[in-house]
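> Quick check, what structure comes out for this input:
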Amino acid sequence: QDNGTYECLIEIRNIFPSNSVDVELLVLVRPSNPVCNIIGSPEYGQNINLTCNSVEGSPEPKYTWQSYDIQNKSRPLQGIAVGGMLMLKNVSINTTGYYICLSKNAVGENKCNIPVTIRPPSMNIALYAGIIGGILAAVIIISVLVYCCCCRKSKNKDYEATETENTFQLKHENVQIRGPSIEEIEDEDEDERRPHV
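Okay, the predicted model is just below:
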């Protein structure tokens, strides 16, 4: 906060003009321990930002990033570094590891370490998937039940129609239409020929 331009003014009595000189003051301060954070949800397929900021430091610190895998081996830096922010897009299991932010100026440096663990998608996605699956299962079950009921009704109608036809045929088979037999006709003729007393 003491950084700035200071003016030194020299005035000599009865001498004009007065003389002045400007002095630029730069107080050198080593960067304070940077505060590091993760912005966003470290889940598969999401975008997250790693932030790094030293509250103190003069001149203003420059930030650089380094990346290490879970075996603590150095690896190429993923994402885009803009000052004290590292942008990681479409994160996956390969994003898991340690990220070191180095805050440095002419006086010194400080760093912070951010462990990043990428998690599976949140339960919200699983919940929505479960709801959709349940609805589909219910639709399939209802469709099967309706189909079975319709088939059963049509089979019952066919059975009733067949049963009705059979009953009609049986009734007609029991009905016999017959006239007098030959013996009965001959007997009647003999009765007519006999003399009546």
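> quick one, helices of this protein?
123-174, 182-193 (DSSP state H).
> ok, of the ones you listed, where does mean pLDDT dip lowest?
Sorting those by mean pLDDT places helix 182-193 lowest, at a mean of 66.
> pretty sure Ser54 is touching Asn33, no?
Yes. Using Cβ atoms under 8 Å, Ser54 is in contact with Asn33, at 7.3 Å. (C-beta placed from N, C-alpha, C; glycine too.)
> Which of those two has more residues huddled nearby?
Ser54 (24 against 12; other Cβ atoms under 10 Å).
> Tell me, how many residues neighbour Asp22?
8.
> Same check on Val23?
Val23: 9 neighbours (other Cβ under 10 Å).
> what residues are up against the residue lying closest to it once chain neighbours are set aside?
Among residues not flanking Val23 along the chain, Tyr6 sits closest, at 4.6 Å (Cβ to Cβ, 6 or more residues apart in numbering). Remark: with contacts taken as Cβ atoms under 8 Å, 6 or more residues apart in numbering, Tyr6 is in contact with Asp22, Val23, Glu24, Leu25.
> mind checking pLDDT for Tyr6?
Predicted confidence (pLDDT) for Tyr6: 73.
> and if you look at the one 3 residues further on?
At Leu9 the predicted local confidence, pLDDT, stands at 70.
> Just confirm it contacts Val23, I think it does.
No. Contact criterion Cβ under 8 Å: Leu9 and Val23 do not qualify, at 11.4 Å.
> just to revisit the earlier point, who touches both of Ser54 and Asn33?
With Cβ under 8 Å, 6+ apart, Ser54 and Asn33 have common neighbours Asn110.
> ok, for Lys111, nearest residue in space, not its chain neighbours?
Closest to Lys111 by Cβ to Cβ, 6+ apart is Leu102, at 4.7 Å.
> Burial check on the one you found, number of neighbours?
17.
> check contacts around it.
Tyr63, Thr64, Trp65, Gln66, Glu109, Asn110, Lys111.
> picking that back up, so which pair among the contacts of Tyr6 is furthest apart in space?
Within these, Asp22 and Leu25 form the most distant pair, 10.3 Å apart (Cβ to Cβ).
> Find residues that contact each of those two.
Thr5, Tyr6.
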